[in-house]
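Peer 1: For reference, the sequence and a predicted model appear below.
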Amino acid sequence: MNRANWAILISLALVGLITPQVAAQQPSPANPPSVPTLESLDPAAEVPAPREPNVDDPTPKQPYIEDPTPKQPDIEDPAPKQPYVDDPTLMQPHVDDPTLKPAYVDDPTLKQPYVDDSTAAPVNNTLYPTVPETIPVDEEVFSYPVGTCCAVCGGGACCPDNFYTRQGARVLSRNKPRGVPISQNFNPFALTFTNVMNTRAIGFSGAAGYETTLGRYLGRDAENRDQFVEFTYWGLNRWRGLAAVRGTRVDYGGGVIGGSLFSYFDTAVGGFNRADDHTIFYDSRMHNYEFNLRLRPRSRADRLVLHPNGRWRRECRPGDYLSYLIGFRVFSFDENFWFHSTGLINVTPISGDYWVNSHNNLLGLQIGGDYIHRQCKWTYGFRFKVGPFINFCDQESRVITNDPLAVIALDTRRSAQDDHISLVGELGFITEYKLRQNFLLYAAYDFMWVTSLALAPEQLDFEIDPPSRINTNGLIYSHGLSLGFAVTW
């Protein structure tokens, strides 16, 4: 056998000798480990020194031994719990003892007054230099705008006028009434009559009148509208006119010589026929009263404008604005008409007079508004009003003749009255310019229509004994210029 085989045999022999000894030292159910008891411990025995950590000890570790003694179960105290008893004697009431709280004593000696020691020497601090107590500021440049009104015109979105009044003059022209034939000329050669004058022969010029408005601001409503109450009067316009025609002398035969003018009465009526002169006079007057509630929606918010000098100013916003009104109106229109005739029959004077007086009093409700374009100080736009009215009208007529040679002499009087529905409409254009924040000038041109009126010339009736009646189909159309000023405060 070689050396390798000898080495293998020796190794196998050594393994066979060591394996039984190691197996005998391992615990097993047949060979349990011995557990030391208190009796086996020797108090005099030397206590071994503790093992150093991290030392590879070949001594085998002792296995975990479970204590076979059973655990004692939890024992619940069988004594019952005592019930809760609400004993008021155990609760002590709260006693507010003022002696426990020390009273506040205002001792002025404890407060040291502030003493401004102006004699103290200033601190020379070169790192933080002293700031002066007052710094000059340009108040005009850096001051915030005061108030809520436009700095230019005094108006604005949140600055309605508390009171305002308008005073001015209104010059109006009116139309002529319907033509009613009055006078005719007799041609003795052709034996014909030719109409020479009617009620439209009178021409009217412009009539100046007065107008005023007084307004009061009531407040703003839930729909963000400013409410104003206004009283307006304009009137005192009076139109007067006359027209006349002269005839020629005519020989009617039988020694009767007279004028060539005849009226539309029967030829047997004296005073108006065979006259030398026929003249008509016309007089009319107009008055207007209004009581309105004006609603003006608030405009857009004003602007804050920075000017080149560095100053901020509040200015109103240019644009188009609408306001509307509802109110009560009284309009009166009164007229007088006089037809006068004079002449000579031979040498005997004759005359005839025909008077007509008419009155129109209109009462009713109206609505209206205005549409204005505003450029701060300048405003311009148009306005309108319209409404139905009840016209309480009446007329009174009287005819008197003076002709000794006439077959029929007249001295009659008649009157009539009626109530009718009339329509009043008004349209105008207006412009305003503010000279100051509370003073402005205005100009306006207005047109007005009134229907179903009893006009005096249209009440003429040339029957000898006419019935009492009234004609209410008259129409008035007027237009004119208004100039004035307004003051607000």
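Peer 2: Structure received.
Peer 1: Every contact and neighbour count from this point should use C-alpha atoms.
Peer 2: Noted.
Peer 1: How about the contacts made by the nearest residue to Asn175 once chain neighbours are set aside?
Peer 2: Among residues not flanking Asn175 along the chain, Tyr477 sits closest, at 5.6 Å (C-alpha to C-alpha, 6 or more residues apart in numbering). Contact partners of Tyr477, counting by C-alpha atoms under 8 Å, 6 or more residues apart in numbering, are 174-175, 447-450.
Peer 1: what's across from Tyr477 in the sheet?
Peer 2: For Tyr477, the beta-bridge partners under DSSP bridges are Trp449.
Peer 1: The one 5 residues further on now?
Peer 2: Per DSSP bridges, residues listed as beta-bridge partners of Ser482: Arg170, Ala444.
Peer 1: How much space separates it from Thr342?
Peer 2: 42 Å (C-alpha to C-alpha, to the nearest Å).
Peer 1: Neighbour count: these two, which is higher?
Peer 2: Neighbours per residue, other C-alpha atoms under 10 Å: of Ser482 and Thr342, the larger number sits with Thr342, 23 against 20.
Peer 1: Find out how far the host helix or strand of the more buried one is from the centre of the chain, if you would.
Peer 2: Assigned by DSSP states H and E, Thr342 falls within strand 319-345. The chain centroid and the centroid of strand 319-345 are separated by 33 Å, computed with C-alpha atoms, centre = their mean, to the nearest Å.
Peer 1: repeat for stretch 343-351
Peer 2: In terms of C-alpha atoms, centre = their mean, the centre of stretch 343-351 is set 71 Å apart from its chain centre.
Peer 1: Just list whatever residues bridge to Ala208.
Peer 2: Per DSSP bridges, the residues bridged to Ala208 are Val171.
Peer 1: what's the answer for Leu261, then?
Peer 2: Leu261 has these beta-bridge partners by DSSP bridges: Asn185, Ala275.
Peer 1: measure it to Glu290 for me?
Peer 2: Distance from Leu261 to Glu290, by C-alpha to C-alpha: 47 Å.
Peer 1: more crowded one of those two?
Peer 2: Taking neighbours as other C-alpha under 10 Å, Leu261 and Glu290 compare with Leu261 leading, 30 against 17.
Peer 1: got a list of what the residue positioned nearest the centre of the chain touches?
Peer 2: Closest to where the C-alpha atoms of the chain average out (C-alpha atoms, centre = their mean) is Arg225, at 1.9 Å. Going by C-alpha under 8 Å, 6+ apart, Arg225 touches 295-298.
Peer 1: So, low pLDDT: which residues of the stretch 1-150 of the chain?
Peer 2: Within the stretch 1-150 of the chain, the set of residues satisfying pLDDT under 70 comprises 1-7, 9, 11, 13-147.
Peer 1: hang on, the earlier thing: bridged to the residue nearest to the centre of the chain, which residues?
Peer 2: For Arg225, the beta-bridge partners are Pro297 (DSSP bridges).
Peer 1: Look up how far Thr342 lies from it.
Peer 2: Relative to Thr342, and taking C-alpha to C-alpha, Arg225 is found at 65 Å.
Peer 1: do Glu335 as well
Peer 2: 23 Å.
Peer 1: Next: Gly368.
Peer 2: From Gly368 over to Thr342 (counting by C-alpha to C-alpha), the distance is 51 Å.
Peer 1: With Thr267 instead?
Peer 2: Thr267 is 15 Å from Thr342, by C-alpha to C-alpha.
Peer 1: What of Val386?
Peer 2: Distance of Val386 to Thr342, computed by C-alpha to C-alpha: 46 Å.
Peer 1: Let me see the ranges of the helices in this structure.
Peer 2: 3-25, 139-142 (DSSP state H).
Peer 1: which stretches of the stretch 301-450 of the chain have low pLDDT?
Peer 2: For the stretch 301-450 of the chain, no stretch is flagged by pLDDT under 70.
Peer 1: And the strands in it?
Peer 2: All strands of the stretch 301-450 of the chain, identified by DSSP state E, counting those that start in this stretch, fall at 303-306, 312-315, 319-345, 348-375, 378-402, 411-436, 439-453.
Peer 1: Nearest to Phe163 among those would be which one?
Peer 2: Closest of the strands of the stretch 301-450 of the chain to Phe163 is strand 439-453, at 12.2 Å (criterion: C-alpha to C-alpha).
Peer 1: Format the CA atom coordinates belonging to the closest one as CSV.
Peer 2: C-alpha atoms of strand 439-453 as CSV (Å, rounded to 0.1, in the frame of the first residue of the first chain):
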residue,chain,number,x,y,z
PHE,A,439,-75.0,126.4,-12.8
LEU,A,440,-75.8,125.5,-16.5
LEU,A,441,-77.3,127.0,-19.6
TYR,A,442,-79.8,125.1,-21.8
ALA,A,443,-81.5,125.4,-25.1
ALA,A,444,-84.4,123.3,-26.5
TYR,A,445,-86.7,123.1,-29.4
ASP,A,446,-90.1,121.4,-28.8
PHE,A,447,-93.0,120.2,-30.9
MET,A,448,-96.5,119.6,-29.4
TRP,A,449,-99.8,118.2,-30.7
VAL,A,450,-103.2,118.4,-28.9
THR,A,451,-106.3,116.8,-30.5
SER,A,452,-110.1,117.1,-29.9
LEU,A,453,-110.2,120.8,-28.9
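Peer 1: Flag every buried residue along it.
Peer 2: Neighbour counts over strand 439-453 (16 or more other C-alpha atoms under 10 Å) mark 440-453 as buried.
Peer 1: Redo the residues you listed as TSV? Include distance to Tyr324.
Peer 2: Shown next, in TSV, are the buried residues of strand 439-453 (distance: C-alpha to C-alpha, whole Å):
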residue	distance to Tyr324
Leu440	21
Leu441	22
Tyr442	19
Ala443	20
Ala444	18
Tyr445	19
Asp446	17
Phe447	18
Met448	18
Trp449	20
Val450	21
Thr451	24
Ser452	27
Leu453	28
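Peer 1: From those residues, pick the one nearest Trp489.
Peer 2: Leu440 (12.1 Å).
Peer 1: How about that closest one: which residues does it bridge to?
Peer 2: Here Leu440, judged by DSSP bridges, has bridge partners Lys434, Ala486.
Peer 1: thought it was touching Val487?
Peer 2: Yes: Leu440 sits in contact with Val487 when judged by C-alpha atoms under 8 Å, with a separation of 6.7 Å.
Peer 1: list the contacts for the residue nearest to Glu396 when sequence neighbours are not counted?
Peer 2: Closest residue to Glu396 apart from its sequence neighbours, by C-alpha to C-alpha, 6+ apart: Ser415 at 4.2 Å. By C-alpha under 8 Å, 6+ apart, the contact list for Ser415 reads 394-397, 468-470.
Peer 1: Take these and write them to TSV, including neighbour count.
Peer 2: TSV is the format used below for the contacts of Ser415 (neighbours: other C-alpha atoms under 10 Å):
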residue	neighbour count
Asp394	24
Gln395	25
Glu396	20
Ser397	22
Ser468	13
Arg469	16
Ile470	21
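Peer 1: now Ile326, nearest residue through space, not along the chain?
Peer 2: Ile367 (4.5 Å).
Peer 1: Look up how far Arg225 lies from that neighbour.
Peer 2: Distance of Ile367 to Arg225, given as C-alpha to C-alpha: 17 Å.
Peer 1: still on that earlier bit, wait, which of the contacts of Tyr477 is closest to Glu230?
Peer 2: In terms of C-alpha to C-alpha, no member of those lies closer to Glu230 than Met448, at 20.1 Å.
Peer 1: Need the nearest residue in space to that closest one, chain neighbours excluded.
Peer 2: That would be Glu426: by C-alpha to C-alpha, 6+ apart, it lies 4.4 Å from Met448.
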